[in-house]
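In: Please work out how this folds:
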Amino acid sequence: MSEVRDGLRYTAEHEWILVEEDEALIGITDYAQGELGDVVFVELPEVGQTVTHMEAFGTIEAVKAASDLYAPVTGEVVDVNTELSENPGLINASPYEEGWMIRVKVTDAGTLEDLLDTEKYKETIGEE
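Out: Okay, the predicted model is just below:
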């Protein structure tokens, strides 16, 4: 079973978001990293770039597959987890803590309503 945390919102594409006032921390879920297998590379935007709700903001490559990463919200990237370029395996080992990807200053909080809560995400991945 995958870990699905309370207090986060989720996309159907398996990204998570933790909103803290007007900023949000974004990564991929435990389920997603498990499906991908060992993560070997991640490409993320640079600080200052804008990400757009449900548009690709980067890519993740693993032994089994490569996939786009989708932004749960629209906003400006204010921090990037640079540790991932040296150690992308942090995404597998700690998807909700050390494996976070980007921090965004949210410019359109209305899009948060489109995201899944914990229960809906569990239904999406078949873990009710």
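In: in which helix or strand would I find the residue positioned nearest the centre of the chain?
Out: The centroid of the chain falls nearest to Gly27 when counting by C-alpha atoms, centre = their mean (2.4 Å). Using DSSP states H and E, Gly27 falls within strand 23-28.
In: what's that strand packed up against?
Out: Strand 23-28 sits against strand 15-20, strand 102-106, with contacts defined as 3 or more C-beta pairs under 8 Å, 6 or more residues apart in numbering; DSSP states H and E. No exception for glycine: its C-beta is placed from N, CA and C like everyone else's.
In: So what pairs up with Ala66 in the strands?
Out: Listed beta-bridge partners, Ala66: Glu61 (assigned using DSSP bridges).
In: how far away is the residue nearest to the centre of the chain from Thr124?
Out: Using C-beta to C-beta, to the nearest Å, we find Gly27 at a distance of 17 Å from Thr124.
In: Pro88 now?
Out: 25 Å.
In: show me where pLDDT drops low in this structure?
Out: 128 (pLDDT under 70).
In: Spell out the residue ranges of the helices in it.
Out: In the chain, the helices defined using DSSP state H lie at 30-36, 83-86, 90-93, 118-124.
In: what comes into contact with the second one?
Out: Applying C-beta atoms under 8 Å, 6 or more residues apart in numbering, the set of residues contacting helix 83-86 from outside is Val42, Leu44, Leu90, Ile91, Glu98, Gly99, Met101.
In: which one of those is nearest Lys64?
Out: Of all the contacts of helix 83-86, Ile91 has the smallest distance to Lys64: 13.5 Å, by C-beta to C-beta.
In: before we move on, back to that, any chance you could list what contacts the strand holding Gly27?
Out: 14-18, 60, 69, 71-73, 75, 78, 91, 95-96, 99-106.
In: of the residues you listed, buried ones?
Out: Buried members of the contacts of strand 23-28, counted by 16 or more other C-beta atoms under 10 Å: 14-18, 60, 69, 71-73, 75, 91, 95-96, 99-104, 106.
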